[in-house]
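K.L.:
make a model of this:
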Amino acid sequence: MRQGPETTTSDQPSDVVVDPTGPADDAPSTPEVAAPKKSRAGRDLPAAIGVGVGLGALVLASLLIRKEFFLPLLVVAICLGAWEMRRALQSARINAPIVPILLGAVSMLMAAYVRGAEALAITFGLTATGIIVWRAAEGARGALRDIGGGLFVAFYPCLIAGFASLLLAEPDGHLRIVFFVLVTVFSDIGGYAVGVLFGKHPMAPSVSPKKSWEGFAGSVVVCTIVGATSMHYMLGGRWWVGAVIGAVAAAVATIGDLIESSLKRDLGVKDMGNLLPGHGGIMDRLDSLVLTLPVIWGLLWWLAPAAG
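P.N.:
Alright, predicted model coming up:
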């Protein structure tokens, strides 16, 4: 009769079972590697803060040295954002023609700065024509779908970003860009801080479950204060004009966040990219900024026109 292997020895108690696969007592223990700490809102907060501060410093430096230095930064950011949008659309089998989109983005941003709003509209029309002709030349299969995707990317973010060029072209354009960035970024900061601390009532749970009405209220309050202060001390305008612009910017920035979240859910992607640690892609950082651009430009043009 066959006998199994013994599991005890003479110097080992018979009631102790040895795990042959376990580590030896004298084997060095492997230290646990801590995962990057994330905030309650799901971000890698230290990375997000570091990237945000770095980008803000780069933008501010370009504007303070010479405002035209901001233009190439804008062109690079929007071209990268358009590339990300095109890649995200590919997950829905939409192949937007990237060459006319990028050429159009550069043309729209430069033309808006040099020749104004009319040139921005003309170059968008030319870009749209280029997208249609380029894609039609590649064949009929899926052409309508791809052309629609291309026109969407040419509009968002490329055409809308042209309003940043219009802001920059004003005599005090560097200050107007800083004003725009301040009210929009502080909308995110106010909404994030208040939402994390006090958020209990979801604003749009099916689109962005972590966005709350309390966070939105924080955005409006913080943006109103920052807008009033910046308008008075930086642009020399009436404080209430800045307060109005700040409150409207908070609402539009929140809508921009929700639109971007809706697009990502529809496309089945978490982020538009991974270029910016703690943020995702360029478009994940530009979502609220882009949509507020034409609104802030219009309100400044109407309520606080540049002198000279």
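
K.L.:
residues touching Val185, list them.
P.N.:
Contact partners of Val185, counting by CB atoms under 8 Å, 6 or more residues apart in numbering, are 52, 56, 289. All C-beta spots, glycine's among them, are computed from the backbone N, C-alpha and C.

K.L.:
now Val106
P.N.:
Val106 neighbours (CB under 8 Å, 6+ apart): 75, 79.

K.L.:
list the buried ones in the helix or strand where it lies?
P.N.:
Counting by DSSP states H and E, the element that carries Val106 is helix 98-115. Within helix 98-115, the residues scored as buried using 16 or more other CB atoms under 10 Å are 98, 100-113.

K.L.:
what's the answer for stretch 243-259, then?
P.N.:
Quick answer for stretch 243-259 (16+ other CB under 10 Å): 243-254, 256-259.

K.L.:
quick one: the helices in the stretch 101-250 of the chain?
P.N.:
All helices of the stretch 101-250 of the chain, identified by DSSP state H, counting those that start in this stretch, fall at 117-136, 143-153, 160-169, 173-198, 213-233, 239-267.

K.L.:
and the second one, C-alpha only, in PDB?
P.N.:
Looking back up the chat, that one is helix 143-153. The C-alpha trace of helix 143-153 is given here as PDB (Å, rounded to 0.1, in the frame of the first residue of the first chain):
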ATOM      1  CA  ALA A 143     -17.600  60.200 -45.400                       C
ATOM      2  CA  LEU A 144     -20.600  62.000 -43.900                       C
ATOM      3  CA  ARG A 145     -19.700  60.700 -40.400                       C
ATOM      4  CA  ASP A 146     -16.100  61.700 -40.700                       C
ATOM      5  CA  ILE A 147     -16.900  65.100 -42.200                       C
ATOM      6  CA  GLY A 148     -19.300  65.800 -39.300                       C
ATOM      7  CA  GLY A 149     -16.600  64.800 -36.800                       C
ATOM      8  CA  GLY A 150     -14.000  67.000 -38.500                       C
ATOM      9  CA  LEU A 151     -16.400  70.000 -38.500                       C
ATOM     10  CA  PHE A 152     -17.100  69.400 -34.800                       C
ATOM     11  CA  VAL A 153     -13.400  69.500 -33.900                       C
END
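
K.L.:
pLDDT on it, on average?
P.N.:
Averaging pLDDT along helix 143-153 yields 97.

K.L.:
report all helices and strands that that helix contacts.
P.N.:
Packing partners of helix 143-153 (3 or more CB pairs under 8 Å, 6 or more residues apart in numbering; DSSP states H and E): helix 70-90, helix 98-115, helix 117-136.

K.L.:
so which of these is nearest Leu151?
P.N.:
helix 117-136 (5.8 Å; CB to CB).

K.L.:
who are the packing partners of the closest one?
P.N.:
Partner elements for helix 117-136 (3+ CB pairs under 8 Å, 6+ apart): helix 98-115, helix 143-153, helix 160-169.

K.L.:
may I see these organised as a markdown table, with distance to Pro46 added?
P.N.:
As requested, the helices and strands packed on helix 117-136 are exported to a markdown table (distance: least, CB to CB, whole Å):
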| stretch | distance to Pro46 |
| --- | --- |
| helix 98-115 | 32 |
| helix 143-153 | 32 |
| helix 160-169 | 29 |
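
K.L.:
with respect to Arg285, which of the ones you listed lies nearest?
P.N.:
helix 160-169 (12.9 Å).

K.L.:
centre of the chain to that closest one, how far?
P.N.:
Averaged C-alpha coordinates place helix 160-169 at 18 Å from its chain's average position (CA atoms, centre = their mean, to the nearest Å).

K.L.:
got the contact list for it?
P.N.:
With contact meaning CB under 8 Å, 6+ apart, helix 160-169 is reached by 67, 70-71, 74, 78, 105, 108-114, 116-117, 120, 124, 173-174, 176-177, 180, 290-291, 293-294, 296-297, 300.

K.L.:
give me the longest strand you can find in the protein.
P.N.:
Longest strand of the chain, by residue count under DSSP state E: strand 208-212.
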